[in-house]
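**Q** Next input, structure requested:
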Amino acid sequence: MTFPHNQLLILSVNQAGSHFHNHLKFFTTERRDIHLNPPGHPNYSPFTLHVDYGELEKKSENGKLSPAQRQWWELKAQYADTVLLFKTGKFYEMFHDDADVGVSVLGFVYMKGTSAHAGFPESAYGVMVSRLVDAGYKVARVEQTETPDALKERKKRTVGKKPQVVCREVCGIVTKGTRTFCYLDDDSCFNTNGDRNGRCRGASTGPLVVIKEILLNDGNNILDMDVDRKTPVEDDGGAKAVCEYGITVVDAITGTVTLGQFADDVLRSRMCTLIASYEPSEVSSLLKMIVIPMAFNVFFLITTQSNSSINA
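**A** Now for the predicted structure:
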């Protein structure tokens with residue numbers, strides 16, 4: 001049997017870097033956030049994406065997007081830094097750059113076609129999410145929140161253009177610091193012997209630590225200056241304080257939230273002690289720079305005006 005050239009193209013398996021999404025300007029060389037801010041702009045947010053539907057339709061097969069394809073891009077615009085597990089029937093599908101992650105991290109093979117596509121059955125959700133999170137990815141579970149019968153009823157009630165695809169919504173986001181090990185997750189690590197601290201091996205079970213830093217100027221808080229203060233602020237150890245921290249420690253597994261506030265010296269001694277004590281699996285902050293010990297290594301956490309995270 002022979003096929004026309006265009007059908008042979010569709011039936012072939014493209015290699016990484018040669019798929020449809022790799023040739024979209026708004027997704028690669030001309031990337032912007034949902035407010036059209038480019039990378040490097042002080043208000044740029046890497047968490048969102050401006051989707052150029054004109055370019056998408058122009059470069060898509062048949063010159064248009066299917067309702068499900070448009071639905072995926074609408075979700076990706078809001079969760080640009082997240083791997084979307086897109087529920088279709090009894091499978092979780094991964095498209096475009098998310099499929100690249102599935103191939104490189106999970107060992108999947110691209111499905112045939114010019115668009116990157118991979119997936120796995122819903123029964124493997126826990127294992128796959130565990131591997132993605134341990135590799136440092138943020139994962140969103142996109143579920144069908146409407147049945148085909150409910151879609152038919154919605155069509156009957158809708159005046160004007162009729163909906164063509166069942167509703168799908170992000171029903172959960174998992175990171176290293178927010179794993180709860182619910183019934184969907186892979187909790188096999190708890191059935192094995194833990195380490196010397198009683199934590200399970202092979203899993204990130206440390207808490208999420210959120211940090212806010214305010215720099216002090218000559219002992220006075222530059223954002224909340226006390227005009228009556230005559231002496232420099234000192235931390236509990238007597239050293240001159242150069243900054244003040246507000247911290248939140250969230251243990252998602254036990255549902256425990258701890259709040260704290262303290263002044264710190266130029267070496268950030270108390271902050272380093274806190275990080276070493278809690279051994280967080282994820283740190284989120286608005287800091288310009290902080291040195292923190294994690295797993296006996298030192299990381300320089302350099303962030304911007306947007307929330308940034310570092311995974312252990």
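
**Q** mind checking which helix or strand residue 169 is in?
**A** strand 168-174 (DSSP states H and E).

**Q** Go through that strand and flag the buried ones.
**A** Residues of strand 168-174 classed as buried: 168, 174 (neighbour count, 16 or more other CB atoms under 10 Å). No exception for glycine: its C-beta is placed from N, CA and C like everyone else's.

**Q** any idea of the mean pLDDT in it?
**A** Mean pLDDT, strand 168-174: 93.

**Q** In its sheet, which strands sit next to that strand, and in what direction?
**A** When pairing is defined by DSSP bridges, strand 168-174 lines up against strand 139-144 (antiparallel).

**Q** Mark out where each domain of the chain begins and ends.
**A** 5-174, 208-311 (automatic domain parsing).

**Q** Residue 216 and residue 69: what is the separation?
**A** Residue 216 sits 52 Å away from residue 69 when distances are taken as CB to CB, to the nearest Å.

**Q** Would you mind pulling the contact partners of the strand holding residue 169?
**A** 71, 75, 78-79, 82, 84, 86-87, 129, 133, 138-145, 185 (CB atoms under 8 Å, 6 or more residues apart in numbering).

**Q** Comparing the domains of the chain by mean pLDDT, which bottoms out?
**A** domain 208-311 (a mean of 70).

**Q** Give me the helices and strands touching the helix or strand immediately after the strand holding residue 169 in the chain, please.
**A** Counting by DSSP H and E, the next helix or strand C-terminal to strand 168-174 is strand 208-217. Using 3 or more CB pairs under 8 Å, 6 or more residues apart in numbering; DSSP states H and E as the contact test, the elements touching strand 208-217 are strand 243-251, helix 269-278, strand 282-285.

**Q** List the buried residues of the first one.
**A** Neighbour counts using 16+ other CB under 10 Å place 243-245, 247, 249-251 of strand 243-251 among the buried residues.

**Q** want to throw these into TSV with distance to residue 64?
**A** Converted to TSV, the buried residues of strand 243-251 look like this (distance: CB to CB, whole Å):
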residue	distance to residue 64
243	54
244	55
245	52
247	50
249	49
250	44
251	48
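
**Q** ok, so of those residues, who is nearest residue 274?
**A** Closest to residue 274 out of the buried residues of strand 243-251 is residue 247 (6.8 Å), distances taken as CB to CB.

**Q** quick one, helices of the chain?
**A** Assigned by DSSP state H, the helices in the chain fall at 5-11, 53-59, 67-78, 97-106, 125-134, 148-157, 269-278.

**Q** can you put the ones you listed in TSV and add distance to residue 44?
**A** Shown next, in TSV, are these (distance: least, CB to CB, whole Å):
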stretch	distance to residue 44
helix 5-11	36
helix 53-59	20
helix 67-78	15
helix 97-106	18
helix 125-134	25
helix 148-157	37
helix 269-278	27
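
**Q** Any chance of JSON lines for the ones you listed, columns distance to residue 177 and mean neighbour count?
**A** Output for the helices of the chain, formatted as JSON lines (distance: least, CB to CB, whole Å; neighbours: other CB atoms under 10 Å):
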{"stretch": "helix 5-11", "distance to residue 177": "42", "mean neighbour count": "10"}
{"stretch": "helix 53-59", "distance to residue 177": "34", "mean neighbour count": "14"}
{"stretch": "helix 67-78", "distance to residue 177": "21", "mean neighbour count": "16"}
{"stretch": "helix 97-106", "distance to residue 177": "19", "mean neighbour count": "19"}
{"stretch": "helix 125-134", "distance to residue 177": "10", "mean neighbour count": "19"}
{"stretch": "helix 148-157", "distance to residue 177": "35", "mean neighbour count": "11"}
{"stretch": "helix 269-278", "distance to residue 177": "11", "mean neighbour count": "17"}
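
**Q** Pick out the residue closest to the middle of the chain.
**A** residue 138 (3.1 Å; CA atoms, centre = their mean).
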